[in-house]
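Chemist: model the following, please.
(chains A and B)
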Amino acid sequence: MNKAVLALEDGTVFEGSSFGAPTDRHGEVVFNTSLTGYQEIFTDPSYAGQIVVLTNPQIGNYGANAFDNEARRAYIEGLVVREFSPIASNWRSEQEADQFLAASGIPIAAEIDTRALVRHLRSRGVMRGVLSAAGSDPATLVQRARETPSMIGLELATRVSTKNTYEWTRGIDGGSPSEINGEPVEPCCHVVAYDFGIKHNILRRLVHTGCRVTVVPATTTAKDVLDLKPDGVFLSNGPGDPEPLERQAAEVRKLIGKKPVFGICLGHQLLGLALGAKTYKLKFGHRGANHPVLNQLTNKIEITSHNHGFAVDPDSLNQNEVEITHVNLNDNTLEGFRHRNYPVFCVQYHPEAAPGPHDSRYLFDDFFRLMNEAKGAR
Amino acid sequence: MPRRNDIKRILIVGSGPIIIGQACEFDYSGTQACKALRADGYEVVLINSNPATIMTDPELADRTYIEPLTVEFAAEVIRRERPQALLSTVGGQTGLNLSVALAEAGVLDKYNVELIGAKIGSIKKAEDRLLFKDAMQKIGLELPESLLVNNVDDGLGFAQRIGYPMILRPSFTLGGTGGGIAYNSEDLYEILERGIELSPVHEVLIEESVLGWKEYELEVMRDQAGNAIIVCSIENFDPMGVHTGDSITIAPAQTLSDREYQMMRDAALACLREIGVDTGGSNVQFAINPADGRMVIVEMNPRVSRSSALASKATGFPIAKIAAKLAVGYRLDEIKNDITRKTPACFEPTLDYVVVKIPRWQFEKFPGAEPVLGTQMKSVGEVMAIGRTFKQALAKGLRSLETGRTEGSQKFDPALIKRRLITPNPERLGYIDFALRQGYTVDDIHGLTAIDKWFLTQMREVVDFERELAAESLNSVSPQLLRRAKREGVSDSALARLWNTGSLDVRAKRKQAGIAAVFNRVDTCAAEFESFTPYLYSSYESESEADPSDRKKVMILGSGPNRIGQGIEFDYCCCHASFALQEFGVESIMVNCNPETVSTDYDTSDRLYFEPLTLEEVLNVYDTEKPDGVIVQFGGQTPLNLSLPLKRAGVPIIGTDPDHIDLAEDRKLFGQLLDELQIPSPPNGTATNVEEACEVARRLGYPVLVRPSYVLGGRAMVIAYDEETVRRYMHEAIGFSQERPVLVDRFLEDATEVDVDALSDGTDVLIAGIMEHVEEAGIHSGDSSCVLPSNTLAADVLATIEDYTAKLARALHVIGLMNVQYAVKAGVVYVLEVNPRASRTVPYVSKATGIALPKAAVALMLGRKLRDIGELTGGKHSGVLPVSHFFVKSPVFPFNKFPGVDPALGPEMRSTGEVMGVGANFGEAFGKAQLSAGTPLPDSGSIFISVSDSDKPAAVEAAKRFAELGFQLTATRGTAAVIQAAGLKCKTVFKVNEGRPNAVDLMKGGSVHLVIYTPTSGATSFSDERAIRRTAVTWRVPILTTLSGARAAAEAVASRRRDPIRVWSLQEIHAGATR
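Modeler: Have a look, this model is predicted:
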């Protein structure tokens, strides 16, 4: 078994054994506490630029399959786990998970004391690191970790975004015969979805809800979007710091009041920026599938899927213009707001789940309803 | 929705005695509920018939009733106490059933009591198979297809549609008798025909087989506002076909992708909403077809369950406590997570470790029962282990089991591998390991067992790794490999075995290499937030989170998995020891591995180590905590077995010195001591081989009692009336050796047995209770009913017992608790056994006397004297504690779970639990105890009597009493003759082998309401006796196998006729006692 090393910018070094691709990768080291859904995490473009530590100690158990991808390839920079499974055991598995990552050139460090690592990141905050499966010297790796660009101010969304506009038509498929999804609604609304690193399950859910979806690059102007004659505009999740996305925020600003707008994660942050709010970096972010969020409109609690390192500062929101709709019960951070005058709403967390609970799927229905209302009003 | 202020007083229904399938997990849930509700300012009234529980401690509720869990007694409690609400969901199936019965009998309406937790409609929907099926279909969830049939043709037609195999369950047969699996039409024909015949309603449920499907459970909680969370997912190692209580289970689920897990989560939440569980915890079970992912729902329990206890311990999320709070109106987000303190209880715990639960079975106690596992639960206890990986957790779990066999010493037969793999049985896990070592592949084993390949691969990796280790030696092994071995969960003793050395040598070697266990926290959140609760498990990771304090502290060793003879009574003692330490300002540290118990709640002790009770693991905790003392006398035999090695390792044991504990167990030394003290004991000897045993028996004279040394619960004990029995015993007996010889005692026939619990500080001795057994000596003390105060013993006998007890306590330098068993014959008191430790009867005596014995014992262990702790002992420091009522403790047996087993009582303990009856007279207390034990005595009707010749005079007496009470008498020829000779009317009936209709026919026909049947001298049980006893169990006819029992029953019937239904709370009893 080859050695793998994770070196952090503060000089801390963890040693383990290497799986996946025998290479070196650098990035921000973050942790995710979800018990399930590692393949969705690997392939979520929001993890671009990040080495992901999974707290579930047993990873790889159920392999990988074609239906659980959230993008066409894996986006994490590297994976850190306590134990990696030697086999894949699940009826849907088509490939072992380490081969899946190796194929994307991603190194895995296993046998790491991930709990100690998470406790370290929790108390010091997330930091830059290098994962080396190529046998590099730890001191050099620490130095390289320090040279890795900081996530603050880093613009990654346009890098992972599609370069071309395309139509997405696939709904929900590939699950168990017992999965209850309901009949897909015939497409009757046209959604233009900004791809800042969009997860496939957002697209699948939009289609399932009754949308025809056109995916556009992150650099698309508001005018070009409106020219596509959408019934609604969707702002996707994505990696990196939202603040450098000034141009995008400006384009989003132009869409408010024109069309119903729904934003998720980075899309939520962009709406915040478009409405004049500020974003800030969280100490160690929210990444997991067990976060309680209170919907202040219904007074109901949703258990939600999270993946964000930045958040919108609620105090910077103009509350005459917007209304806070969702709050995180763990740390009271902002999880969602809506415009008081226009059909514009967004959430910081992931109602499309994948991975995570389905408690917040209603938001897609809300979007669909807003689009139909807007169409009716026309 | 905040706390409900319209409710002031809440009745909680407990789960009664420990039985298979309903054990001390409901003491955990009831205790949490009592504590949570009282902490919130509610008055709690509790009813439970089980005195061994913590929840029935008078401090835990405002009013505690140890009374039968029947409608009439519960109604009387309600009439007296007038609670506004009844919490039905924390007392297991028993609590739920009683709640429903109270509602249906109109009692709740009459006294205006609201059911909280689950409403009647929801309970019915969840419990009634047809209603449940309809409800699930309504929300689109599948169940295995099934059909109720009353003829073979319908069954064959259904089979044609569904296909084989199919599961057949005859309706209303006890213990699933007559059921089976049909693999083809021939099987179906045969089983169905038999099943229809056996079923009293001639109905058989045929069900689509989901055998071999993957089995999962989700623990769900919901609040009144409809917010719902999954607390824990559990995956069964054993696929469908083995009761989940008998399955090895793993948390969290290991082989589900997010897609499948979320599908299951959605289904569980939908199920809860459709069933209409307003608040609290529920358990939903699913099966998944491993071939295509099709999912069916198997069942749901609208209450706190065994799995909830496991899930609570596995996650650190206290389900029962939160369920109680939700029942009184709180929302999930209004309750804080105790562990993080900052975040709310409204979230889903996430784990960064793996939890494995392994059941513990005791088929060896039930000769005649086939040791196979199926849809009916057979295990008597379980262990849980926490590891950073599955391998580590599984290895720890196996170590926690205390099967009595050292690791690796188990014998496996290569010829049996396939059979042992195909049919689930208690040894299957061992056989999987053996098969892997014999060269079976993961695929081979998967083919035979349908166990998921992921688990099997993990086991194979261990086997491969051990091969690698075996190539090394203690000297050659590198620190890296040694560390890896520890990280993989390999124990010091396993390494010692591989390297042919001692486990303490391995320990020394690894400590020298700087390889020591560290402790990680169970924190509900995978370290995302800081944990404020020291709930710890060991690992070989890079940093320790134990963070020990520098306070004065004492460590308590728990009792491990429940088993017959060592169960909840010891957990009671350990918990009390912990409470006492905290009260005395000493930090309490608990070490235990039983997830069902109150002792493994993170808020019972200051610090909790969820660890196997092995020398290695206990020393690891000791090294980390460096406690000022360790208590070994409360956890039964488990910690006692560790006490000498711990002492040798320099661990300070407080209380009675381990060497003195050992002395009491050493036949020779103890015999010398008795001689010195001039205390008589039955003549005895020891033997280490067959001939020696026969020689000793001849010398002593038959009958003799033969047993191994160092066991609890009379494991493998027999009364031998002849040499043949002694020889057979010695051939079959579990291991004996020079160090552990077999003990042979002269058996005193027809003696009265007496149990004594006492407190001692080495100088003064306070007798807590002198309990007189209702059955004669020879029946294991745990299996016989006993009464406080003594009912028949003469004053001089009691004085002698008092005197002997004090002498023994002083001679053995007992500090803390001691138990002595005596036999009284013809006015002479003999010592049978001395145990310088807490006994099984401690909770019972504590509840009867109102004195918390473990608490006083802890004070003594901390160095205080009986004379100084009058406030804990009712002001007494010598003599015998008084009792104000009669308290009868009766055992509860699991015979209905083991068809074919002879339910005769003997020197080997077989009861799983106990109940207590309280009365103003002996008869009343005994009657209540029998009612609580599930063998209610009839008020009238017909009695069948058949006794041995020596019992005939006494049988006439008993017959007379029952005749006076209006019972008709029937007897076998010989017994009938003496009864008739005494001038009583008595019918004669055939013995089983004499012709028909015989006694068994009468019992099956329902014309016998009580059986008095004493075994013929000579111990070998004849088919007649077996048939009678078995029929009594199957048809639920109360049977008394001793004449002292018969006399007690007559008194109980008389009381029942004479005395009104009345109940007493412990609080009022104890207030009366001190007045």
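
Chemist: from here on, just use CA atoms for contacts and neighbour counts.
Modeler: Fine.

Chemist: so where's the chain shaky on pLDDT?
Modeler: Using chain A. Applying pLDDT under 70 to chain A flags residues A:1, A:378.

Chemist: chain B is the one I meant
Modeler: Low-confidence segments of chain B (pLDDT under 70): B:1, B:173-177, B:404-409, B:710-716, B:733-739, B:1016-1023, B:1073-1075.

Chemist: surely residue B:271 is in contact with residue B:136?
Modeler: Yes: judged on Cα atoms under 8 Å, residue B:271 makes contact with residue B:136 at a distance of 6.8 Å.

Chemist: tell me which of the two has more neighbours.
Modeler: A count of neighbours by other Cα atoms under 10 Å in any protein chain shown puts residue B:271 above the other of residue B:271 and residue B:136, at 25 against 22.

Chemist: where does that one sit: helix, strand or coil?
Modeler: Under the three-state scheme (DSSP: H, G, I helix; E, B strand; the rest coil), residue B:271 adopts helix.

Chemist: distance of it from residue B:34?
Modeler: Residue B:271 is 28 Å from residue B:34, where distance means Cα to Cα, to the nearest Å.

Chemist: got the contact list for residue B:114?
Modeler: B:84, B:85, B:86, B:108 (Cα atoms under 8 Å, 6 or more residues apart in numbering or on different chains).

Chemist: please repeat the previous calculation with a cut-off of 10 Å.
Modeler: Residue B:114 sits next to B:7, B:10, B:11, B:83, B:84, B:85, B:86, B:87, B:103, B:108 when contact means Cα atoms under 10 Å, 6 or more residues apart in numbering or on different chains.

Chemist: residue B:963 now?
Modeler: Contact analysis of residue B:963 by Cα under 10 Å, 6+ apart lists B:942, B:943, B:957, B:969, B:984, B:985, B:986, B:1050.

Chemist: for residue B:951, see how far away it is.
Modeler: 18 Å.

Chemist: in the stretch 651-800 of chain B, what residue is nearest chain A?
Modeler: For the stretch 651-800 of chain B and chain A, the shortest gap (Cα to the nearest Cα) falls at residue B:651, measuring 30.3 Å.

Chemist: in what helix or strand does that residue lie?
Modeler: Using DSSP states H and E, residue B:651 maps to neither a helix nor a strand.

Chemist: burial measure for it, as a count.
Modeler: 19.

Chemist: what of residue B:5?
Modeler: So residue B:5, with other Cα under 10 Å, has 10 neighbours.

Chemist: does it touch residue B:329 like I think?
Modeler: Yes: shown here, residue B:5 and residue B:329 form a contact pair, counting by Cα atoms under 10 Å, at 9.2 Å.

Chemist: now find how far off-centre stretch B:392-399 is within its chain.
Modeler: 21 Å (Cα atoms, centre = their mean, to the nearest Å).

Chemist: okay, buried residues for it please.
Modeler: By 16 or more other Cα atoms under 10 Å in any protein chain shown, the buried positions in stretch B:392-399 come out as B:392, B:393, B:394, B:395, B:396, B:397, B:398, B:399.

Chemist: need the contact list for residue A:336.
Modeler: Applying Cα under 10 Å, 6+ apart, the residues near residue A:336 are A:263-265, A:268-269, A:272, A:293-296, A:312, A:314, A:323-328, A:345-349.

Chemist: from the residues you listed, which ones fall inside helices?
Modeler: Counted as lying in helices by DSSP state H, out of the contacts of residue A:336, are A:268, A:269, A:272.

Chemist: wait, the last one sits on residue A:316?
Modeler: When you say that, I think you mean residue A:272. Yes: assessed by Cα under 10 Å, residue A:272 is found in contact with residue A:316 at 8.9 Å.

Chemist: touching, residue A:267 and residue A:241? I think so.
Modeler: No: contact criterion Cα under 10 Å: residue A:267 and residue A:241 do not qualify, at 11.8 Å.

Chemist: if we check chain A, which of the buried residues of stretch B:392-399 are in contact?
Modeler: Contacts with chain A within the buried residues of stretch B:392-399, counted by Cα under 10 Å from any Cα of the partner chain: none were found.

Chemist: export these to TSV and append columns for secondary structure and distance to residue A:308.
Modeler: Shown next, in TSV, are the buried residues of stretch B:392-399 (DSSP: H, G, I helix; E, B strand; the rest coil; distance: Cα to Cα, whole Å):
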residue	secondary structure	distance to residue A:308
B:392	helix	33
B:393	helix	33
B:394	helix	36
B:395	helix	38
B:396	helix	37
B:397	helix	38
B:398	helix	41
B:399	helix	42
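
Chemist: who does whatever helix or strand residue A:289 lives in pair up with?
Modeler: Using DSSP H and E, residue A:289 falls within strand A:279-295. Strand pairing for strand A:279-295, using DSSP bridges, gives strand A:300-312 (antiparallel), strand A:322-328 (antiparallel).

Chemist: pick the most buried one from these.
Modeler: Mean neighbour count (mean count of other Cα atoms under 10 Å in any protein chain shown) peaks for strand A:300-312 among the strands paired with strand A:279-295, with a mean of 24.

Chemist: buried residues in stretch B:990-1002, which are they?
Modeler: Neighbour-count burial for stretch B:990-1002, counted by 16+ other Cα under 10 Å, picks out B:990, B:991, B:992, B:998, B:999, B:1000, B:1001, B:1002.

Chemist: show me how far it is from its chain's centre.
Modeler: Worked out by Cα atoms, centre = their mean, stretch B:990-1002 lies 37 Å from the chain centre.

Chemist: grab the nearest non-local neighbour of residue B:455.
Modeler: residue B:237 (7.2 Å; Cα to Cα, 6 or more residues apart in numbering or on different chains).

Chemist: likewise residue B:96?
Modeler: residue B:88 (5.3 Å).

Chemist: dihedrals phi and psi, that neighbour?
Modeler: Main-chain dihedrals, residue B:88, degrees, to the nearest 10: phi -100, psi -10.

Chemist: same thing with the one 5 residues further on?
Modeler: The phi and psi torsions at residue B:93 (degrees, to the nearest 10) take the values phi -70, psi -40.

Chemist: excluding its backbone neighbours, what's nearest it?
Modeler: residue B:15 (7.2 Å).

Chemist: and that neighbour, how far is that from chain A?
Modeler: Going from residue B:15 to chain A by Cα to the nearest Cα, to the nearest Å gives 33 Å.

Chemist: tell me which element that residue is part of?
Modeler: Under the criterion DSSP H and E, no helix or strand holds residue B:15.

Chemist: can you pull the contacts of it?
Modeler: Residue B:15 sits next to B:22-27, B:29-30, B:47-50, B:69, B:90-98 when contact means Cα under 10 Å, 6+ apart.

Chemist: what do you get for residue A:346?
Modeler: For residue A:346, the contact set (Cα under 10 Å, 6+ apart) comprises A:234-235, A:261-272, A:324-326, A:335-339, A:363, A:367.

Chemist: thinking again about what came up before, how about the strand holding residue A:289: buried residues?
Modeler: Using 16+ other Cα under 10 Å as the test for burial, strand A:279-295 gives A:279, A:281, A:284-295.

Chemist: angles on the backbone of residue B:280, please.
Modeler: Backbone geometry at residue B:280, expressed as degrees, to the nearest 10, gives phi 100, psi -170.

Chemist: report how many residues lie close to it.
Modeler: Burial of residue B:280 is recorded as 30 neighbouring residues (other Cα under 10 Å).

Chemist: ok, residue A:275 next?
Modeler: Applying other Cα under 10 Å, we find 20 residues neighbouring residue A:275.

Chemist: now swap in residue B:411 and tell me
Modeler: Counted by other Cα under 10 Å, the residues lying close to residue B:411 total 10.

Chemist: same question, residue B:627
Modeler: Other residues lying near residue B:627 total 23 when counted by other Cα under 10 Å.

Chemist: distance of it from chain A?
Modeler: Counting by Cα to the nearest Cα - residue B:627 and chain A are separated by 26 Å.
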